[in-house]
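In: here is the input, now give the coordinates:
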Amino acid sequence: MQNELNKRISVIGLSVDVVTYESALARCLELARRDRAAAVSAANTHIASVARLSTTFGRVMASFDLVLPDGMPLIWVLNATLRRKKKPALADRVYGPYFMRYAMLNAPKGTTHYFFGGSQECLDELSAAVSAIRPDIQIVGECSPPYRAWTEEDQVEFSQQINEASPDFVWVALGGEKQESWIIENLQRYRRGVFFAVGDAFELLAGRRPFAPEWCQRYGVTWLYRLVQEPRRMWKRYLKYNSLFLGYLLTDFLFPPVQKTAVPTAASAADGLQTPLRVNVLGVGVSALNLQQAADFLLDARGAGEKGYVCVTGVHGVIESQHDLELKTIHNSSFLTVPDGMPTVWMGREHGFGAMGRVYGPDLMLRLCAATSGSVESGTWEVEREKHPTSNLQPPTKGASYPLTHFLYGATPETLQKLKANLEERFPGIQVVGTFAPPFRPLNDVEEEELRRTVADCKPDFFWVGLSTPKQEKFMASHSPAANDAWRIELVARDVEPQTSNSQPQFPLDCGIMLGVGAAFDIHAGNYKDSPEWIKNSGMQWLHRLCKEPRRLWRRYLDIVPTFLGLSALQLLGIKKYEMEQS
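Out: The predicted structure follows:
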């Protein structure tokens, strides 16, 4: 069983760790020894259902370092999966309040604790109760935050108090959803420590409310005990989220994940980088990441010296790949192929990747530019977000900025000049070390040599390509800096000989990671406005663009929208299979 511990299994799309009380505590002590803060959640059916229902909260839960199986229904799902794999089942859940008590009793002497949440009376009673069961426990601080919306001044005060105390374990009890969101949104403020979301553990361990009987816990009906205690407050929650949990289980049973494929990427060659999984979307391997994960992964990968190219693809790229084997091969041979459109995200979630989120090219560009400009450390991040309130700009989870450089390739000289100026104004300290505006045709030998020398002189870490699909993907494949890296794997369609001559790097450039972001250049140069956030999140951005440019785009969308709907339905129903074979 030990080999299976600390593995993760998807429960209605939420990745839950296969752990016991003992292995969970061992993992938390390991996290506490690191030089950055970590996050742990005890997830039940309520948390799992909200993570599936809400894209935003799904991203929050995907950012936790450890997700404990707090509810018996989660244990039943985990054990069903383990038995199918002929692995030993878990004997019990890891119930948040019990884990908090277990950690306080069994953590090594000298482990320090901090309590955040609840009323001051509850915190006083909690401190007395835990001191009674372990007299030598070290409680280095506590905070009963105000019962109102917290200001930035409040958050700064919280972080100052906790950073000064420097606890190993920070126990957070703010109630379901709120505590998880607060931890992830503010984790970068803290230098170290493991932040636990433990719900009503304070009330229970302080003795202010009794635990449910053992038989209720064993048979997974703790919710019924709570409902009897507080029917007027709890009935709507349990009716909604228990029903959602059962509905999602049924959906996943009837439409199980089609194919989860771990395609080797540059990460497999780098110590400490976990290879991202890919979901099969009509034969195109789309990386199962959200924006936060993609940005953090690319920063780590480039910091480790990795090279390659990143495709930012949506429905357009997927459908083009159905007709163009070379383009499909390029997508599947990339460093990453991230989901640029909501339909590819929805497909990924139906395939079992519940935390997958949209990695929109313009947003990814902003995220990496901000992270490499020093904005996070210099304190200008909040100012930047206030200047652009409609963007999805969020700080990366990494605690430090990266001294990495950028190169802009594509568009016209005028657009590149505006884009460079806007980025430098928006992100003081960013290093845009070069630009190149190509002609509206393939480069000739003289131009290829000029580009090669220009890039070799500055050796940029991020090489941004602002062309269009499939032009930018084919450019990156033919100029990939990872031309001879062993990790590049060719994927070809079934019963078709590899067609590699056109997609092999012919003119590899001396740069780090190439990213094809299409219209991001025009958007950030100010040539035209981006779609509103609600339209982008609804998956209807294509319709917004069609209304703006009907004469140019109507043929494209008349083809790709119904084609994608039809083919994806066939794949989800299991009628048609799309293979991603490795040669």
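
In: measure Val359 to Leu29 for me?
Out: Relative to Leu29, Val359 is positioned 34 Å away (CB to CB, to the nearest Å). Glycine gets a C-beta too; all of them are placed from N, C-alpha and C.

In: counting neighbours, what do you get for Ile183?
Out: Per other CB atoms under 10 Å, the neighbour tally for Ile183 reads 25.

In: I figured it hits Val194, correct?
Out: No - taking contacts as CB atoms under 8 Å, Ile183 lies outside contact range of Val194: 10.2 Å.

In: what residues do these two have in common as contacts?
Out: Ala39 (CB atoms under 8 Å, 6 or more residues apart in numbering).

In: gap between Phe440 and Ser468?
Out: Distance, Phe440 to Ser468, by CB to CB: 11 Å.

In: more crowded one of the two?
Out: Per other CB under 10 Å, whichever of Phe440 and Ser468 has more neighbours is Ser468, with 13 against 5.

In: tell me the domain ranges of the protein?
Out: 7-222, 260-528+564-582 (automatic domain parsing).

In: okay, those in a markdown table with mean pLDDT and distance to Leu246 next?
Out: As requested, the domains of the chain are exported to a markdown table (pLDDT from 0 to 100; distance: least, CB to CB, whole Å):
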| stretch | mean pLDDT | distance to Leu246 |
| --- | --- | --- |
| domain 7-222 | 93 | 9 |
| domain 260-528+564-582 | 77 | 16 |
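
In: right, so of the ones you listed, which gets closest to Arg232?
Out: domain 7-222 (16.2 Å; CB to CB).

In: count the neighbours of Phe158 for me.
Out: Quick note: Phe158 (other CB under 10 Å) scores 18 neighbours.

In: assumed Val286 was part of a helix.
Out: No - in this structure, Val286 is strand, not part of a helix, as judged by DSSP: H, G, I helix; E, B strand; the rest coil.

In: give me the number of neighbouring residues for it.
Out: For Val286, using other CB under 10 Å, the count is 34.

In: enumerate every residue touching it.
Out: By CB under 8 Å, 6+ apart, the contact list for Val286 reads Arg278, Val279, Thr313, Val318, Thr337, Val338, Pro339, Thr344, Met347, Gly348.

In: switch to 10 Å and redo it
Out: 261, 263, 277-280, 311, 313-314, 317-318, 331-332, 336-341, 344-345, 347-348, 351, 353, 356, 359 (CB atoms under 10 Å, 6 or more residues apart in numbering).

In: which of these count as buried?
Out: Neighbour counting by 16 or more other CB atoms under 10 Å classes 261, 263, 277-280, 311, 313-314, 317-318, 331-332, 336-341, 344-345, 347-348, 351, 353, 356, 359 among those as buried.

In: which ones among those residues map onto strands?
Out: Counting by DSSP state E, those place Thr261, Arg278, Val279, Asn280, Cys311, Thr313, Leu336, Thr337, Val338, Pro339 in strands.

In: neighbours of the closest residue to the second one other than its chain neighbours, just the number please.
Out: Which is Arg278. Excluding its sequence neighbours, the residue lying closest to Arg278 (CB to CB, 6 or more residues apart in numbering) is Gly285, at 3.6 Å. Applying other CB under 10 Å, we find 26 residues neighbouring Gly285.

In: go on, Pro210?
Out: By other CB under 10 Å, the residues close to Pro210 number 10.

In: go ahead and confirm it touches Leu204.
Out: Yes - contact criterion CB atoms under 10 Å: Pro210 and Leu204 qualify, at 7.8 Å.

In: doesn't Pro481 fall inside a helix?
Out: No - counting by three-state DSSP, Pro481 is not found in a helix; it is coil.

In: give me the phi and psi angles of it.
Out: phi -70, psi -10 (degrees, to the nearest 10).

In: which residues does Val192 contact?
Out: Small correction: residue 192 is Arg, not Val. Per CB under 10 Å, 6+ apart, neighbours of Arg192: 31-38, 162-163, 166-168, 170, 399.

In: what about burial for the residues you listed, which qualify?
Out: Leu31, Ala32, Ala37, Ala38, Ile162, Pro167, Asp168, Val170, Gly399.

In: tell me how many other residues crowd the spatially closest residue to Glu177 that is not a sequence neighbour.
Out: When the adjacent residues along the chain are set aside, Glu177 lies closest to Val50, with 5.8 Å between them (CB to CB, 6+ apart). Val50 has 22 neighbours, counted by other CB under 10 Å.

In: where's the residue sitting furthest away from the middle of the chain, which helix or strand?
Out: Relative to the mean C-alpha coordinate of the chain, counting by CA atoms, centre = their mean, the farthest residue is Val446 (41.8 Å). Secondary structure from DSSP states H and E places Val446 in helix 445-458.

In: which strands or helices does that helix pack on?
Out: strand 405-410, strand 431-436 (3 or more CB pairs under 10 Å, 6 or more residues apart in numbering; DSSP states H and E).

In: may I see the buried residues of that helix?
Out: Those would be Glu448, Leu451, Thr454, Val455, Cys458, for helix 445-458 by 16+ other CB under 10 Å.

In: farthest-separated two in these?
Out: Using CB to CB, these span at most 16.9 Å, a distance reached by Glu448 and Cys458.

In: who's in contact with the helix or strand that contains Val130?
Out: Using DSSP H and E, Val130 sits within helix 120-133. Here helix 120-133 makes contact (CB under 10 Å, 6+ apart) with 100-101, 104-105, 113, 115-119, 137, 139, 142-144, 171, 173, 201-208.

In: let's go with 6 Å and repeat that
Out: With contact meaning CB atoms under 6 Å, 6 or more residues apart in numbering, helix 120-133 is reached by Met104, Phe115, Ile137, Ile139, Glu142, Ser144, Phe202, Leu205, Ala206, Gly207.

In: so the fifth one makes contact with Gly117?
Out: No - counting by CB atoms under 6 Å, Glu142 stays clear of Gly117, with 9.2 Å between them.

In: these two: which has the busier surroundings?
Out: Gly117 (23 against 20).

In: show me what that one is bridged to.
Out: Gly117 has these beta-bridge partners by DSSP bridges: Ala173.

In: quick check: it vs Trp215, distance?
Out: To Trp215, Gly117 is 29 Å away according to CB to CB.

In: kindly report the same for Glu549.
Out: Per CB to CB, Glu549 is found 64 Å from Trp215.

In: try Arg302
Out: In terms of CB to CB, Arg302 sits 54 Å off from Trp215.

In: mind listing what's buried in stretch 77-86?
Out: Neighbour-count burial for stretch 77-86, counted by 16+ other CB under 10 Å, picks out Val77, Leu78, Asn79, Thr81, Leu82.

In: quick one: contacts of that stretch?
Out: With CB under 6 Å, 6+ apart, stretch 77-86 has contacts from Ile9, Val11, Pro69, Ala89, Leu90.

In: please convert the buried members of those residues into PyMOL selection syntax.
Out: Buried members of those can be picked out in PyMOL with the line below, counting by 16+ other CB under 10 Å:
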select buried, resi 9+11+69+90
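
In: pull the most distant pair out of the contacts of stretch 77-86.
Out: Val11 and Ala89, at 14.4 Å, using CB to CB across the contacts of stretch 77-86.

In: how about Lys109, secondary structure?
Out: Applying three-state DSSP: Lys109 is coil.

In: do you know how far Leu509 is from Ser480?
Out: Counting by CB to CB - Leu509 and Ser480 are separated by 8 Å.
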